[in-house]
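K.L.:
mind looking at a prediction? Sequence and model below.
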Amino acid sequence: MHAPGDVRTEELDMPVVVEPTDAIIRVTATCICGSDLWPYRGIEKLNGPQRMGHEYIGVVESVGEAVALVKPGDHVVGSFVASDNTCEICRAGYQSRCVHQVMMGAVGTQAQYARIPLADGTLVVTPGEPPADLVPSLLAASDVLGTGWFAAVAAEAGPGKTVAVVGDGAVGLLGVLAAAQLGAERIIVMSRHADRQALARRFGATDIVEERGDEGVKKIKELTDGLGAHSTIEAVGTQESMDQAIRATRAGGHVGFVGVSHDVSIDGLELFFSSVHLHGGPAPVRRFLPDLIRLIWDREIDPGAVFDLTLPIDEAAEGYRAMDERRATKVLLTTD
Ligand SMILES: [Zn+2]
């Protein structure tokens with residue numbers, strides 16, 4: 001990305017092992033994230049031309065001398081944050097805030113090859129070469145599925161719970177899938193787009209609320225005997241979505257917030273009297289990856305359905321335009 005709205009596919013040097021803990025992978029599929037739209041729209045500052053992308057699946061090409069758990073030829077999925085998976089924070093399940101974390105966006109995985117730092121901690125090997133129809137789902141596990149899953153876990157979605165989902169982008173939709181998998185009784189998704197509503201229902205949503213803001217909150221209260229949801233997933237990151245999430249949650253309930261927060265402030269007194277639990281941040285996708293890969297491999301879940309446009313990486317610029325103009329929910333980029 002050279003500037004807001006200016007994405008180009010360019011020939012760069014082949015990545016090489018720099019640290020002994022690195023692996024080089026041939027990226028077999030990558031994608032464009034909703035969070036890539038923040039700099040695309042000029043909301044997040046760019047410091048000159050920047051490599052893009054943090055979601056990836058691929059095949060290990062070579063490894064540094066300290067890498068022991070992955071080897072050339074392995075098919076792998078990794079998180080959008082590289083982590084050692086051994087420090088105290090990682091062992092507690094918060095690999096996205098590993099003391100040695102490397103944000104993969106700085107590496108840039110919208111590419112044919114990528115250097116993966118901390119390969120042993122970051123990469124999870126799949127049971128074999130993925131069948132073609134599982135590629136989108138495995139790629140989704142790299143971020144949007146893992147993020148939606150964390151949001152549902154942070155919101156304590158589960159049996160007997162009513163879950164509200166604020167945001168009908170890929171993460172919100174996969175938050176619906178996660179809440180359903182975790183056994184939620186009722187899942188209310190806030191959405192105005194017919195195609196996204198349909199996908200939400202396919203993933204397990206039981207109710208749709210089209211109203212936004214205070215009207216949307218009112219509607220969720222009406223659906224929950226005036227109390228609000230037990231669990232709310234916030235998957236946007238704006239002031240409006242955060243306010244909606246907190247206000248739609250009942251006293252004692254939980255908000256799992258995973259939309260990258262932009263200019264959000266929370267009124268202390270309102271939070272005080274809301275009596276809700278707030279838990280969120282960059283999702284520790286690595287914590288969930290082994291389970292998510294198994295669910296996908298066994299065809300128990302189909303998160304790859306969030307991809308509604310596939311383009312060759314040479315046409316990445318069109319992919320960004322399509323997501324920016326909401327012509328696409330999630331764009332998969334092929335690399336061969
Ligand atoms: Zn760590």
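P.N.:
Thanks, I have it.
K.L.:
residues of the stretch 1-150 of the chain that sit close to the ion?
P.N.:
Within the stretch 1-150 of the chain, the positions near the ion by C-beta under 5 Å from the ion are 83-84, 87, 90, 98. (C-beta placed from N, C-alpha, C; glycine too.)
K.L.:
report the buried members of those.
P.N.:
83-84, 87, 90, 98 (16 or more other C-beta atoms under 10 Å).
K.L.:
taking the residues of the stretch 1-150 of the chain next to the ion one by one, which sit in strands?
P.N.:
Residues of these located in strands (DSSP state E): none.
K.L.:
point me to the residue of the stretch 151-300 of the chain nearest the ion.
P.N.:
Arg286 (9.2 Å; C-beta to the ion).
K.L.:
quick check: mean pLDDT of the helix or strand encompassing that residue?
P.N.:
Arg286 belongs to helix 285-297 when assigned by DSSP states H and E. Mean per-residue pLDDT for helix 285-297: 98.
K.L.:
list the buried ones in that helix?
P.N.:
285-289, 292-293, 295-297.
K.L.:
who touches the closest residue to Leu182 other than its chain neighbours in this structure?
P.N.:
Leaving aside its sequence neighbours, Leu182 sits nearest to Ala157 (C-beta to C-beta, 6 or more residues apart in numbering; 4.7 Å). Listed by C-beta atoms under 8 Å, 6 or more residues apart in numbering, the contact partners of Ala157 are 163, 178-179, 182-184, 231, 233, 256.
K.L.:
lowest-pLDDT helix or strand in the chain?
P.N.:
Ranked by mean pLDDT, DSSP states H and E, the weakest helix or strand in the chain is helix 104-107, scoring a mean of 90.
K.L.:
run me through the strand neighbours of the next helix or strand after it, direction for each.
P.N.:
Sequence-wise, the next helix or strand beyond helix 104-107 is strand 113-116, with elements assigned using DSSP H and E. Its sheet considered, strand 113-116 pairs with strand 23-32 (antiparallel) by DSSP bridges.
K.L.:
quick check: Val176 touching Asp207?
P.N.:
No. Here Val176 does not reach Asp207: they are 10.9 Å apart, not a contact under C-beta atoms under 8 Å.
K.L.:
out of the two, which sits in the busier spot?
P.N.:
Higher neighbour count among Val176 and Asp207: Val176, with 31 against 17, using other C-beta atoms under 10 Å.
K.L.:
show me what contacts the more buried one?
P.N.:
Contacts for Val176 were tallied using C-beta under 8 Å, 6+ apart; they are 148, 163, 165, 187, 189, 200, 203-205.
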